[in-house]
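In: Here is my input, please return the structure:
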Amino acid sequence: TTTTTTTKLAAIRIGKYWDKRVEIFGDTKAFLPLTQKNALKDHMVPLRLGFARFLPGKDPTGRGLIYIDPSKQDKTKYTRESMQCALWYMIHASLECESSQQKGLIFVACPRKAKFGQVDRTLIKMNISSIKGCLPVRLSAIHICHPPSFFSTIFPIIRLFLGERLRKRLRVHSGTDQAVLNKLASFGLSKDLLPTDIGGDYVLDHDGWLDARAKEGN
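Out: Prediction:
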């Protein structure tokens, strides 16, 4: 029956989730709460760098938003697994909202300031594989804004890693800040939802957000 099939698929996904969680967090910390003082204790450097940052708004359908800035990467300061742990934390934090659990998440990425040396194909593949098959999240859309000049050399690789389903949810927006804002608005992402980095109204305070969550035990 359909119910039985759905239950089996859910069980397989849960199994994959815990297998991946043990793989990147380790045998002990994988089973600790995903909080800054527990499972993330040794991964605060990549978490603080702000490669992935929380946006508090929701699109008109209730989907949560995560802002990705590849220029924040510094491979000399962390391992790939540690950065992956930081991304897991951000996604789990976003999924604390019920509407995001039901409707999914949107990634808004801006690699405008990124340098070619910051491109880590292995990490990209690792993060996408987590999202595709392990994390309990529906990635509803990926918007890449202001791609740098070298983007054309890595875009085919990103598309390959994404797979057919996620490729259909990928959009790339170039042009002036206003042109990109207009394109995002056509997808329901109004200026008030977006960070000032790309011409939006929301002022990111990643450190303040993390500090507030730490005080709450998250």
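In: residue contacts, Gln29?
Out: If you look again at residue 29, you'll see it is Lys, not Gln. Asn38, Ala39, Lys41, Asp42 (Cβ atoms under 8 Å, 6 or more residues apart in numbering). C-beta here means a position set from N, CA and C on the backbone, and glycine is covered the same way.
In: out of those residues, who's nearest Lys103?
Out: Using Cβ to Cβ, Ala39 is the member of the contacts of Lys29 that sits closest to Lys103, with 26.0 Å.
In: The closest one in helix, strand or coil?
Out: Secondary structure, DSSP: H, G, I helix; E, B strand; the rest coil: Ala39 is coil.
In: Quick one, grab the pLDDT at it.
Out: As predicted, Ala39 sits at a pLDDT of 97.
In: Could you do Lys8 as well?
Out: Among the per-residue scores, Lys8 shows a pLDDT of 79.
In: element containing Gly57?
Out: Per DSSP states H and E, Gly57 falls inside strand 52-58.
In: Quick one: distance of that strand to the chain centre.
Out: 10 Å (Cα atoms, centre = their mean, to the nearest Å).
In: And the next helix or strand past that strand?
Out: Sequence order places strand 64-68 as the next helix or strand after strand 52-58, per DSSP H and E.
In: With just CA atoms, put that following strand into CSV.
Out: What follows is strand 64-68 as a C-alpha-only set of coordinates in CSV (Å, rounded to 0.1, in the frame of the first residue of the first chain):
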residue,chain,number,x,y,z
GLY,A,64,12.4,29.4,5.6
LEU,A,65,15.5,31.1,4.3
ILE,A,66,19.2,30.5,4.7
TYR,A,67,21.8,32.9,3.2
ILE,A,68,25.0,31.4,1.8
